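Visitor: sequence below, structure please.
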Amino acid sequence: MVFADKMHDVIRVLENNGVIVYPTDTVWSIGCSVFCQSALDRIHKLKGRSQEDPFVLLCSDLEMLKKYVNRIHPRVETLLSYHERPLTIVYPQARNLPQYALAANGSVAIRITTEPFSRTIIELLGCPLVSTSASISDDRFASSFEDIDTIILQEADYVCYHNRHLKSDKEPSIIASYDKKGELIFIRT
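Guide: A predicted model of the protein is given here:
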């Protein structure tokens, strides 16, 4: 697949504690490697968001997801395969992830991205990407490139231009947790 950005440049920035702006299967996002606390701290500061307020992580596939959560309820695993709209699940317990990337109770919100560009970044990086809308907290989500706040574009170490010309009406993902029976509890629809 041909992308507007050179993947080795994107990966180099991420491996060197950088922050990128990139398209996802939902909205335009700002992100970094989940294993870079200084980059994650920069994103919190840039967005004006509390350090205690964790971000969503993106994985490339179910196998990667399984490396970072203790257990996926079978009903949830089936749902992930068939859900039409992007679905972020809050898993009650994480593993192999740094404490600073988790909620205070040890949970973590993760989505498997279906968008080829962001999926390729994650595959090449070999770990989840932090994903939060490329907007200042409390502003509207960045559905298209032109919606991205200028401050974020200036502060990012790398801005991906893949599909920047496309107009979009994409929305953030649905966010849900689940109970012991695997029934979804919707947090954002």
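Visitor: what helices and strands are in contact with the lowest-mean-pLDDT helix or strand in the chain?
Guide: Each helix and strand of the chain was given a mean pLDDT (mean pLDDT, DSSP states H and E); the minimum falls on helix 74-82 at a mean of 89. Judged by 3 or more Cβ pairs under 8 Å, 6 or more residues apart in numbering; DSSP states H and E, helix 74-82 is in contact with helix 62-68, strand 87-91. (C-beta placed from N, C-alpha, C; glycine too.)
Visitor: okay, buried residues for it please.
Guide: By 16 or more other Cβ atoms under 10 Å, the buried positions in helix 74-82 come out as 76, 79.
Visitor: show me the strands in this structure, by range?
Guide: Assigned by DSSP state E, the strands in the chain fall at 20-23, 28-31, 56-59, 87-91, 108-112, 129-133, 158-159, 174-178, 184-188.
Visitor: so how far is the third one off the chain centroid?
Guide: Between the mean C-alpha location of strand 56-59 and the chain-wide mean there is a distance of 4 Å, by Cα atoms, centre = their mean, to the nearest Å.
Visitor: about what we covered before: tell me the most buried of the strands of the chain?
Guide: Stretch with highest mean neighbour count among the strands of the chain: strand 28-31 (a mean of 28; mean count of other Cβ atoms under 10 Å).
Visitor: which other helices and strands contact it?
Guide: Helices and strands touching strand 28-31, by 3+ Cβ pairs under 8 Å, 6+ apart, are strand 20-23, helix 37-47, strand 129-133.
Visitor: relative to that strand, what are the paired strands and their orientations?
Guide: Strand 28-31 has its sheet partners listed here by DSSP bridges as strand 20-23 (antiparallel), strand 129-133 (antiparallel).
Visitor: now tabulate those strands in JSON lines and tack on mean pLDDT and distance to residue 31.
Guide: Output for the strands paired with strand 28-31, formatted as JSON lines (pLDDT from 0 to 100; distance: least, Cβ to Cβ, whole Å):
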{"stretch": "strand 20-23", "mean pLDDT": "96", "distance to residue 31": "6"}
{"stretch": "strand 129-133", "mean pLDDT": "96", "distance to residue 31": "4"}
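Visitor: right, and the strands of the chain - which one's nearest residue 3?
Guide: Taking Cβ to Cβ as the criterion, residue 3 comes closest to strand 20-23 out of the strands of the chain, the separation being 10.2 Å.
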